[in-house]
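1. Show me how the following folds:
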Amino acid sequence: METPFGKTLEVYEDKQSFYKSFPEAGKGWNLQEYPGKSPLGIDLFDGSPEDDPRWVVTFCAPKKAVEFEETPSGSWPVVAFDRNSGDIYLLAESVAFEQAKNSYDHLSHEVN
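-> Down below sits the predicted model:
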């Protein structure tokens, strides 16, 4: 499937099935403490009413990497979360933070 952010590699119905495929990305996150439907990490695009409130694009890294490093180390998945359907679209399986940021962060003004 195609998203406004590019082609999808895989689609997940919920956060739990995403983390079954990428358990390392979920390390340290207490999913009961964060009950939202979107995977956790650093949001590269969080649709606002001016952009597209339907979508969130997240760099999904372990909690330790997100909390303690300005630039998370390692390569991690990037997903687009559709707030309308609750589906999680895998955009990249393993990408470094800077590459992900360069690929998706600028899209906030391009998505309609």
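2. buried stuff in the helix or strand bottoming out on mean pLDDT in the chain?
-> Ranking every helix and strand in the chain by mean pLDDT, DSSP states H and E puts helix 63-68 at the bottom, with a mean of 85. Under the neighbour-count criterion of 16 or more other C-beta atoms under 10 Å, helix 63-68 has 63, 65-66 buried. C-beta here means a position set from N, CA and C on the backbone, and glycine is covered the same way.
3. How about stretch 5-16?
-> Residues 5-6, 8, 11-12, 15 are the ones in stretch 5-16 that count as buried (16+ other C-beta under 10 Å).
4. Farthest-apart pair in those residues, please.
-> Farthest apart among the buried residues of stretch 5-16 by C-beta to C-beta are Gly6 and Lys15. That separation is 21.1 Å.
5. follow-up on the earlier one: which single one of the buried residues of stretch 5-16 is nearest to Tyr34?
-> For these, the nearest to Tyr34 is Lys15 (8.8 Å; C-beta to C-beta).
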